[in-house]
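Participant: here is a sequence together with a model predicted from it:
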Amino acid sequence: MYSEKVMDHFTNPRNTGIIEDANGIGEVGNAKCGDIMKMYLKIENDIIVDVKFKTFGCGAAIATSSMATEMIKGMKVEDALKLTNKAVAEALDGLPQVKMHCSVLAEEAVKAAIEDYYNKQKKEG
Amino acid sequence: MYSEKVMDHFTNPRNTGIIEDANGIGEVGNAKCGDIMKMYLKIENDIIVDVKFKTFGCGAAIATSSMATEMIKGMKVEDALKLTNKAVAEALDGLPQVKMHCSVLAEEAVKAAIEDYYNKQKKEG
Amino acid sequence: MDRIYYDHAATTYVKPYVLEKMLPYFTEKFGNPSSMYALGNEAKSALENAREMVASCLGAKKNEIYFTASGSESDNWAIRGIAHAYSNKGRHIITSNIEHHAVLNTLNDLKKEGFEITFVPVEQTGIINPETVRAAIRQDTILITVIFANNEIGTIQPIAEIGDIAKEHGVMFHTDAVQAAGHIPIDVNLLAIDALSIAAHKFYGPKGVGAIFLRNGTKIKKFITGGAQESDRRAGTENVAGIVGLANALELSLSELESSTNKIFKIRNKIIDQVLSEIPYTILNGDKEICLPGIMNFSFEFIEGESLLLMLDMKGIAVSSGSACTSGSLDPSHVLLAIGLSHELCSGSIRVSLGDDNTEEQVDYFIQSLKEIVDKLRQMSPLYEQIQLKGD
Amino acid sequence: MDRIYYDHAATTYVKPYVLEKMLPYFTEKFGNPSSMYALGNEAKSALENAREMVASCLGAKKNEIYFTASGSESDNWAIRGIAHAYSNKGRHIITSNIEHHAVLNTLNDLKKEGFEITFVPVEQTGIINPETVRAAIRQDTILITVIFANNEIGTIQPIAEIGDIAKEHGVMFHTDAVQAAGHIPIDVNLLAIDALSIAAHKFYGPKGVGAIFLRNGTKIKKFITGGAQESDRRAGTENVAGIVGLANALELSLSELESSTNKIFKIRNKIIDQVLSEIPYTILNGDKEICLPGIMNFSFEFIEGESLLLMLDMKGIAVSSGSACTSGSLDPSHVLLAIGLSHELCSGSIRVSLGDDNTEEQVDYFIQSLKEIVDKLRQMSPLYEQIQLKGD
Ligand SMILES: Cc1ncc(COP(=O)(O)O)c(C=O)c1O
Ligand SMILES: Cc1ncc(COP(=O)(O)O)c(C=O)c1O
């Protein structure tokens, strides 16, 4: 049911774990909906220099988290904000229809982490 | 579906044909109901000395005709009148439920032929 | 003596090639297609590959094919499912008077629920005049269901014309193609069919598996509810081996269609010619040309079909009297009555249906046996007696 | 690495002995049981012989067994058929909240037709208290349908007690024994059951064939209409090979029941003990004792079942998360919710279901793999992170 790319990112997820000194953290989803994604960003000069994630969820949830982190690593924050769930799904050679919501969650996790970063910046600024 | 006895009487029916000088002939059934039996009796001194039949019908119709003729051959007329469809069916080791009406027809054919004999006797007498 | 099987319209054997394809799915590749692990995926692939094969055999899209467990289930589901899905539009259904009981009895059931059924007659050849279908359409007609090719007499119906009429009037059109599929070309793209029923055991596939084609956009109420199998439209763990068998049997039949049709049609014509010329008081029912390649139906006057069938069986020849499905019943065939036969001729009829294992060489033995038996039974028949007396 | 199949509750392979019995009916003995000639009689005998075998396996009479094409069809037919046949008496049906979707969705359908359904809860063990069934009975109750043994957690229901209550109140009683049949003894003579559903592919028979026991005198509306097969109650050319497979598989399972139950129960207990002792934050769902011999259901906190399943698959181990039939859906298992699990624990559960091919030797590899994977997934889980922090 999953593409090879999905299975690759599921079995060897990139960027799992946490960043101790992250300056943007986002968590989306809940156990009732089936998946929880937590994303840690380390942003320097508006560039995402490091990213890690933890995910509770199905194969697609883990794979989309992994792919999303790969895609935004090294990106400018404003470009990362433009990451769409479709782009993540496409980068994984597609997702089953019933699993598309996982890619939405990945998009939302990135946005939540960046929002957290902006909020923290504001407070500090 | 048929017993061996039925198949035997169907493939090697006894007493088929006609009796040129029959003194009792009965025909029962019609094509619409699926079977027609015609029975020829030669009766001497109230004894059925010869009997023949012609039947249009299924395997059970032919077998019951054959068995009924065997059973009444040599019988007194009054005993032949007591022949029941159940007795014919039993003598054939049973009939499928949907074919029981064939044995009824055989009983009726015998009765019709004897009635014809009585009618002719009356006219002559 | 070699046995002669002349009842392919009742059922066929599974061809070795087909069985070969099925076998792994009983043993090593036994996974449940709904299971997410590799063994399940393997079964799922086999299932979807079979769906693709069936679709391409019928000119359909892959997601227009749904597997069932018999021709009867296909007919039941298509007819009940469409009738119920469109019942808010109307409750009138049109059909022919030569349908299989799987259609007929399903419509009788719907009648009890308040649907109205119009039975369109057939010509004496066993063929429907499409204009009678047009004339039967009403404001509240929601479904037309007509058999593609008849199982008792083999006549092929003007499905293209009826489909066009249905489409013109915005009425759904189902066809029972259980006898036709695998025996004549069917391309749903060229025909305005919304639903079509088939069954594997009529074309050298296994018993207990069928399919429906359901054109995208056609609404249908579920028939078997439960799990989400078959795109959530028909519940139950899929009969993977059987489905693989159906698909391969259909593909094989179509790949050999031209050669086998030629061969079978030749045998058929030889049998028809000899029966009609060598056995007096005999009639060929249906249409000699507009017919499935392998099916013939004869009426022999003055005798009854079951006796004939049983005596042929003792000579190793299998034919049927009426349709196998109704052998529980004693009623004369509604199909033969519909083409105008008397009760007597109805009961004196047999169906001879040919298949790939039949040869021209068998014909002589068959004709010889048939002649002997018909003669023997006629000698025993009180109806023939009258004819002989008249003839004297 | 040898593969380990731990999903026998989803489906099983056909055992060689069973396949052997089936094979002739695809090829030489391919006749239609409704046909009157010798080849048909041979098929008919096989069919009736199979019916006799199934009847004697279940303590039923031969004419109380009807063959179908799946567990789902059996459930649909029994429930719809009985509900419709008795709807003049009332329109209230009682069931449990741990039924299979084949029952659940069928009842949902009946609800739309105006039937009322009462769902009786289960205890935390997954077992129904029969008194709750008694309490739910109303004047207009016509049918009780309760699963014999649950497919997700394996718990066996008090069918005898529920049957007695049904009988006392003159209410029909159907049980979905699709998981139970072939795995525990069932004697309909000792149980007040009016109808019972089974499916061959759960006990080493083929997919696509099932049966119902229907006690003599029980009324049922036809489900598939058409020909007069199955005593004129279920139309369609019979899947002879499949039916022979079902009968032989059931007979074989019961003949080996004691030894296989002992063996499987031992492996089950070994797995349960090791999983619970070696993997923290783990729960066994259902009842450890009142349970089918081969089924276990575990919840692993902080992780999700599908990931676990896929990673076990990569190690060659097949298990299921939830029931295979619902894998199209993302909803948490209604069975696990019914026994009181949170959404998180529901999604973190897998079912391990054993069969005759499993060995004690496989257990170590399974436990080792499971430990590694659960640990890996927990390391990746934001929920586990919180626990670790708290633990610090
Ligand atoms: C308890 C139960 N009922 C019904 C079914 C449906 O059986 P099938 O998938 O053969 O239709 C199953 C299995 O899938 C089951 O476990
Ligand atoms: C035209 C037609 N429709 C439907 C059926 C029913 O198919 P099955 O017996 O496989 O259910 C048959 C054959 O029996 C048939 O010939």
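Facilitator: Perfect, I can see it now. Residues are numbered from 1 along each chain as shown, chains lettered A, B, ... in the order given. Ligands and ions are numbered 1, 2, ... in the order given.
Participant: partners of residue A:41 in the sheet?
Facilitator: Under the criterion DSSP bridges, residue A:41 forms beta bridges with residue A:24, residue A:51.
Participant: wait, what's in contact with it?
Facilitator: Shown in contact with residue A:41 (Cβ atoms under 8 Å, 6 or more residues apart in numbering or on different chains): A:19, A:22-26, A:48, A:50-51, A:113-114, A:117. Backbone N, C-alpha and C define where each C-beta goes, glycine included.
Participant: so which of those wins on neighbours?
Facilitator: The most crowded member of these, judged by other Cβ atoms under 10 Å in any protein chain shown, is residue A:113 (28 neighbours).
Participant: count of neighbours near residue A:7?
Facilitator: Applying other Cβ under 10 Å, I find that residue A:7 has 16 neighbouring residues.
Participant: assess the claim that it and residue A:62 are in contact.
Facilitator: No - contact criterion Cβ atoms under 8 Å: residue A:7 and residue A:62 do not qualify, at 10.5 Å.
Participant: ignoring the adjacent residues along the chain, who's closest to residue C:149?
Facilitator: Counting by Cβ to Cβ, 6 or more residues apart in numbering or on different chains, residue C:149 lies nearest to residue C:180, which is 4.1 Å off, once chain neighbours are set aside.
Participant: so that neighbour versus residue C:257, what's the distance?
Facilitator: Residue C:180 sits 12 Å away from residue C:257, going by Cβ to Cβ, to the nearest Å.
Participant: any common contacting residues for these two?
Facilitator: Common neighbours of residue C:180 and residue C:257 (Cβ under 8 Å, 6+ apart) do not exist.
Participant: okay, those two: which has more neighbours?
Facilitator: Comparing residue C:180 with residue C:257 by other Cβ under 10 Å, the one with more neighbours is residue C:180, at 26 against 15.
Participant: closest to residue D:76 among the contacts of residue A:41?
Facilitator: Relative to residue D:76, the closest of the contacts of residue A:41 is residue A:26; by Cβ to Cβ it sits at 46.9 Å.
Participant: how close does the closest one get to residue A:105?
Facilitator: The gap separating residue A:26 from residue A:105 is 11 Å, by Cβ to Cβ.
Participant: cool, residue C:43 as well?
Facilitator: Taking Cβ to Cβ, one finds residue C:43 at 30 Å from residue A:105.
Participant: again, but for residue A:34
Facilitator: Going from residue A:34 to residue A:105 by Cβ to Cβ gives 9 Å.
Participant: where in chain C is pLDDT low?
Facilitator: Segments of chain C classed as low confidence (criterion: pLDDT under 70) are C:1, C:322-330, C:391-392.
Participant: where does residue A:43 sit: helix, strand or coil?
Facilitator: At residue A:43 the chain is in strand, as set by DSSP: H, G, I helix; E, B strand; the rest coil.
Participant: so who does it touch?
Facilitator: Contact partners of residue A:43, counting by Cβ under 8 Å, 6+ apart, are A:23-24, A:49, A:77, A:117.
Participant: what number of residues lie near the residue nearest to residue C:62 when sequence neighbours are not counted?
Facilitator: Across the structure, with Cβ to Cβ, 6+ apart as the measure, the residue nearest residue C:62 apart from its sequence neighbours is residue C:55 (4.6 Å). Burial measure for residue C:55: 19 neighbouring residues, criterion other Cβ under 10 Å.
Participant: please apply the same query to residue A:13.
Facilitator: 20.
Participant: excluding chain neighbours, give the residue nearest to it in space.
Facilitator: Spatial nearest neighbour of residue A:13, chain neighbours left out: residue A:66 (4.0 Å); criterion: Cβ to Cβ, 6+ apart.
Participant: buried set for the helix or strand where that neighbour lies?
Facilitator: Residue A:66 belongs to helix A:59-72 when elements are defined using DSSP states H and E. Residues of helix A:59-72 classed as buried by neighbour count (16 or more other Cβ atoms under 10 Å in any protein chain shown): A:59-72.
Participant: adding distance to residue C:32 and pLDDT, write these out as JSON lines.
Facilitator: Listed next are the buried residues of helix A:59-72 as JSON lines, based on distance: Cβ to Cβ, whole Å; pLDDT from 0 to 100:
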{"residue": "A:59", "distance to residue C:32": "18", "pLDDT": "93"}
{"residue": "A:60", "distance to residue C:32": "21", "pLDDT": "94"}
{"residue": "A:61", "distance to residue C:32": "24", "pLDDT": "95"}
{"residue": "A:62", "distance to residue C:32": "24", "pLDDT": "96"}
{"residue": "A:63", "distance to residue C:32": "24", "pLDDT": "97"}
{"residue": "A:64", "distance to residue C:32": "27", "pLDDT": "97"}
{"residue": "A:65", "distance to residue C:32": "29", "pLDDT": "97"}
{"residue": "A:66", "distance to residue C:32": "29", "pLDDT": "97"}
{"residue": "A:67", "distance to residue C:32": "29", "pLDDT": "97"}
{"residue": "A:68", "distance to residue C:32": "32", "pLDDT": "97"}
{"residue": "A:69", "distance to residue C:32": "34", "pLDDT": "97"}
{"residue": "A:70", "distance to residue C:32": "34", "pLDDT": "97"}
{"residue": "A:71", "distance to residue C:32": "36", "pLDDT": "97"}
{"residue": "A:72", "distance to residue C:32": "39", "pLDDT": "97"}
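Participant: show me what contacts the residue nearest to residue A:13?
Facilitator: Taking Cβ under 8 Å, 6+ apart as the contact definition, residue A:66 lies against A:9-10, A:13-16, A:53.
Participant: and what of residue A:65?
Facilitator: A:13, A:37, A:39, A:53, A:55, A:106, A:109.
Participant: residue C:334 too?
Facilitator: Taking Cβ under 8 Å, 6+ apart as the criterion, residue C:334 is in contact with C:97-98, C:104.
Participant: got a ChimeraX select line for the buried ones in those?
Facilitator: To isolate in ChimeraX the members of these that are buried, counting by 16+ other Cβ under 10 Å, one can use:
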select /C:98,104
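Participant: closest one of the contacts of residue C:334 to residue C:72?
Facilitator: Relative to residue C:72, and with distances defined as Cβ to Cβ, the nearest of those is residue C:104, at 11.3 Å.
Participant: which phi and psi does that closest one have?
Facilitator: Per-residue torsions, residue C:104: phi -60, psi -50 (degrees, to the nearest 10).
Participant: go ahead and confirm residue C:11 touches residue D:33.
Facilitator: No - with contact defined as Cβ under 8 Å, residue C:11 does not count as touching residue D:33 (9.2 Å).
Participant: okay, now the residue in the stretch 101-250 of chain C that chain B sits nearest to: neighbour count?
Facilitator: When you check the stretch 101-250 of chain C against chain B by Cβ to the nearest Cβ, the closest residue turns out to be residue C:101, at 16.3 Å. Counted with other Cβ under 10 Å, the burial measure for residue C:101 works out to 21 neighbours.
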